[in-house]
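Chemist: Return atomic coordinates for the entry below.
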Amino acid sequence: MANTTQLQNFNINIKLKLSALWVSVMFCYVYGDFFSLFVPGRIQKLMNGNSGTGHTTPAMLLVYAILMTLPPLMIFLSLILRPKAGKLANLITGALFTGVMMLVVATSISRWMLFYTYLGIVEIIITCLIMGYAWKWPKEEGKG
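Modeler: Got it, this is the predicted structure:
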């Protein structure tokens, strides 16, 4: 006797999909930075004022803080913005972070940073998915 019971598949709203993708990319960012603390000599370099992108300054830390405020904001903004604004915000922020991660991956290839390269590639895939979903934002039937 064949089992005819089908599991129900729910359609997930585009806003929830985008928000979940931003959560996913945030976890990759956090884990990558956390794991980098285990690289030999990394903590000493940080204590000596070398972030890996040059000498650490208060202004540089502020710039990084502002930049890294965008992905967590996108978790919320993806849910609350009107469709046109949400689409545009996800396309722009997704493109920005795809570019940032491409630079990071290109400059972090080394034996000890393979995990970082891997996470960077995953982040690029996720931000490309964000842009893809935003680009294909569903339209209401009967409306242009």
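Chemist: alpha carbons only for contacts and neighbour counts from here, please
Modeler: Fine.
Chemist: And the lengthiest helix in the chain, what does it pack against?
Modeler: Longest helix in the chain by number of residues (criterion: DSSP state H): helix 83-107. Packing partners of helix 83-107 (3 or more CA pairs under 8 Å, 6 or more residues apart in numbering; DSSP states H and E): helix 58-80, helix 114-135.
Chemist: pLDDT weak spots in the protein?
Modeler: The chain contains residues with pLDDT under 70 at 1-3, 143-144.
Chemist: can you rerun that using 50?
Modeler: Counting by pLDDT under 50, the chain contains no low-confidence segment.
Chemist: residue closest to the middle of it?
Modeler: The residue lying closest to the centre of the chain (CA atoms, centre = their mean) is residue 25, at 3.3 Å.
Chemist: What is the three-state secondary structure of that residue?
Modeler: The three-state label given to residue 25 by DSSP: H, G, I helix; E, B strand; the rest coil is helix.
Chemist: From residue 140, how far out is it?
Modeler: Taking CA to CA, to the nearest Å as the criterion, residue 25 is separated from residue 140 by 28 Å.
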